[in-house]
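> pasting the structure only:
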């Protein structure tokens with residue numbers, strides 16, 4: 001049996017301590033299922049949970065809930081998560097950070113970590129404490145190496161020009177004009193670059209900041225995504 005590290009979960013479906021080996025196995029299986037889902041391949045979540053349960057001393061239900069924690073970590077980054085595994089936020093900041101780290105390792109990428117911070121934010125919101133916090137007088141700076149995905153500037157230029165200063169999602173005019181006198185819109189990749197999406201005009205839209213955030217984090221992001229595919233003929237699902 002794997003040595004247990006102190007990685008706690010608030011779920012009744014998962015015991016208190018998960019080893020690094022168990023977390024890695026869960027993330028590896030989750031990413032495998034996600035890739036199969038993106039490719040349209042059939043698979044059985046139940047079979048995956050059963051195989052993990054046989055490998056480790058946990059129930060299939062415990063692994064299913066841990067998969068929902070992984071969905072939650074992905075949702076914090078505005079990334080695609082596996083349909084049928086609704087994000088479950090009852091996961092500690094330390095566990096969320098560890099899951100995020102493992103995801104990055106498996107994807108051979110390094111991005112600015114956000115899971116631990118955002119999990120703590122939501123814990124504070126749920127606590128309902130309205131007392132003003134002391135804050136940090138001199139925030140500490142740290143150097144972090146990140147992965148930068150190379151993009152084609154001509155793709156961004158074409159999409160912005162084609163949008164004609166109008167959000168391609170809500171059809172409202174750009175919300176403001178920049179200091180350079182240009183209507184402000186942002187580029188959103190329908191299959192995100194972090195999820196191996198292409199940087200092509202068939203995968204990119206010009207949207208206002210509000211729609212951009214909703215496409216990443218909104219409860220109805222799937223609905224908006226499908227509407228965009230129906231609305232804009234150049235878009236091709238990947």
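Arrived safely, thanks for sending. Here the structure is a predicted model, which means the values were calculated and not measured.

> pLDDT value on residue 35, please?
Residue 35 carries a pLDDT value of 91.

> can you tell me how far it sits from residue 196?
From residue 35 across to residue 196, the span is 9 Å (Cβ to Cβ, to the nearest Å). Using the backbone N, CA and C atoms, a C-beta is placed for each residue, glycine as well.

> the two: who's more crowded?
residue 35 (14 against 11; other Cβ atoms under 10 Å).

> and that one, what element?
Taking DSSP states H and E as the definition, residue 35 sits inside helix 20-39.

> could you give the mean pLDDT of whichever helix or strand comes after that helix?
Next in sequence after helix 20-39, counting helices and strands by DSSP H and E, comes helix 45-55. Helix 45-55 shows a mean pLDDT of 96 in the predicted model.

> about what we covered before: okay, angle between the helix holding residue 35 and helix 45-55 too, please.
On the basis of axes from the mean of the first three to the mean of the last three Cα atoms, to 10 degrees, helix 20-39 is oriented at 160 degrees to helix 45-55.

> centre of the chain to helix 20-39, how far?
Chain-centre distance of helix 20-39: 14 Å, with Cα atoms, centre = their mean, to the nearest Å.

> buried residues, the lowest-mean-pLDDT helix or strand in the chain. List them.
When the helices and strands of the chain are scored by mean pLDDT, DSSP states H and E, helix 115-127 comes last with a mean of 80. Going by neighbour count (16 or more other Cβ atoms under 10 Å), the buried part of helix 115-127 is 115, 116, 118, 119.

> quick one: the strands in this structure?
Here the chain has its strands, by DSSP state E, at 186-189, 204-207.

> out of those strands, which gets nearest to residue 217?
The closest of those to residue 217 is strand 186-189. By Cβ to Cβ, the value is 12.0 Å.

> identify the residues contacting that closest one?
156, 159-160, 197-199, 203-209, 211-212, 215-216 (Cβ atoms under 8 Å, 6 or more residues apart in numbering).

> thinking again about what came up before, got the buried residues of helix 115-127 as CSV, with distance to residue 125 columns?
Conversion of these to CSV gives the following (distance: Cβ to Cβ, whole Å):
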residue, distance to residue 125
115, 16
116, 15
118, 11
119, 11
